[in-house]
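# structure for the following, please:
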Amino acid sequence: MNLINKLNKGDKIALIAPAGAVFENSLIDKSIEKINSFGYVVKLGKYIDCKHGYLAGDDSKRLQDLYEAFVDNEVKAIFCIRGGYGTIRLLDKIPYDIIEKNKKIFVGYSDITSLHSAFSYLKFPTFHGPMFNYDLYKSPDNYKIMFDFLEGKFEVLEYELMPIKGGDIDGIIVGGNLTVLCSLIGSKYLYDFDDKILFIEEINEEPYKIDRLFNQLYHSNILKKIKGIILGSFTKCDPEDISKSFNLDYIFNYLKELTDKPIYKGLESGHDYINKIIPFNIPIKIKNNKLTIKKGDVFID
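Below is the predicted model:
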């Protein structure tokens, strides 16, 4: 695994839209203000304000902004302004050899999961963390914790977890949005799950759909390969009619029938008001129900 450089105040950050369109241009200005407030300079993707149906410009435009953000030597980090949908359309067009030579901080979640998964084969840390757009209206601590970590201010990040099925484990953490991950099954862009710790989160899916997706992981043998599961935020995933459904806790406990590996819940990362940063493709430990992430496993000193 290759370590990457941490951020320093005054660095240039690229803000791009590789997935869904930003339909309120005022949110782009507010995103710039937010990044500036932490002491950074913003370089906007050339096509960040494009609208092409539900996409932020056609595939070639979104791909160009992604490519240029990586090859620009002045850019020290890349932030996605939003998710939505669209990154899966780029996966077979990305020049991975160029990105491998220009590794840097890359942050996003939700639909950006496709890029986290595809980039995992380049062996560098990427970050499941706050974006902008409507994320601007969530907890301001999301950004403070993220930038503090990216600046190397934390030697260790520790997150308390709640065991569904306990057990101390260590391994490389991978994951992201559950639906997006399942959409990659059968492709060469899906993570290699052997001996990995799987983090998953979700939004706007009824319990029966989450049940279906868990079974897709099971029947794809992914749950046999991994060392454990961490459940993040499952936002607005409660049943519309509880009299005709299982609740989320039932579905989470059902996972114990699909795997004998440790299962944890309660990591506040995903689409909720609190969205804590998680580096992917780095070694972590879970001991005594606590997830530990070390700065030295992510950044060059």
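
# which stretches of this protein form helices?
26-37, 59-71, 96-100, 113-119, 141-150, 178-183, 207-219, 222-225, 248-258 (DSSP state H).

# reformat those as TSV; add mean pLDDT, distance to residue 242 and mean neighbour count.
All C-beta atoms are positioned from the backbone trio N, CA, C, and that covers glycine. TSV is the format used below for the helices of the chain (pLDDT from 0 to 100; distance: least, C-beta to C-beta, whole Å; neighbours: other C-beta atoms under 10 Å):
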stretch	mean pLDDT	distance to residue 242	mean neighbour count
helix 26-37	98	35	15
helix 59-71	98	40	19
helix 96-100	97	45	13
helix 113-119	98	29	25
helix 141-150	98	30	20
helix 178-183	98	21	22
helix 207-219	98	9	17
helix 222-225	98	27	18
helix 248-258	97	11	16
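
# quick check: bridge partners of the residue positioned nearest the centre of the chain?
Centroid-nearest residue in the chain: residue 128, 2.9 Å away (criterion: C-alpha atoms, centre = their mean). Beta bridges link residue 128 to residue 108, residue 278 when assigned by DSSP bridges.

# quick one on the thing from earlier: among the helices of the chain, which comes closest to residue 194?
Taking C-beta to C-beta as the criterion, residue 194 comes closest to helix 222-225 out of the helices of the chain, the separation being 5.0 Å.

# for the residue nearest to the centre of the chain, give its distance to residue 298.
13 Å (C-beta to C-beta, to the nearest Å).

# circling back: tabulate the helices of the chain (a markdown table), appending distance to residue 236.
As requested, the helices of the chain are exported to a markdown table (distance: least, C-beta to C-beta, whole Å):
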| stretch | distance to residue 236 |
| --- | --- |
| helix 26-37 | 21 |
| helix 59-71 | 27 |
| helix 96-100 | 33 |
| helix 113-119 | 18 |
| helix 141-150 | 18 |
| helix 178-183 | 13 |
| helix 207-219 | 12 |
| helix 222-225 | 25 |
| helix 248-258 | 11 |
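
# right, so of the ones you listed, which gets closest to residue 241?
Each of those was scored for nearness to residue 241 using C-beta to C-beta, and the closest is helix 207-219 (10.9 Å).

# what about the residue nearest to residue 124 when sequence neighbours are not counted, how many neighbours?
For residue 124, ignoring the flanking residues on the chain, the nearest one in space by C-beta to C-beta, 6 or more residues apart in numbering is residue 103 at 4.2 Å. Applying other C-beta atoms under 10 Å, we find 18 residues neighbouring residue 103.

# next up, the contacts around residue 103.
The contact partners of residue 103, taken as C-beta atoms under 8 Å, 6 or more residues apart in numbering, are 2, 4, 122, 124.

# quick one: which of these is nearest to residue 223?
Comparing those against residue 223 with C-beta to C-beta picks out residue 122 as the nearest, at 25.3 Å.
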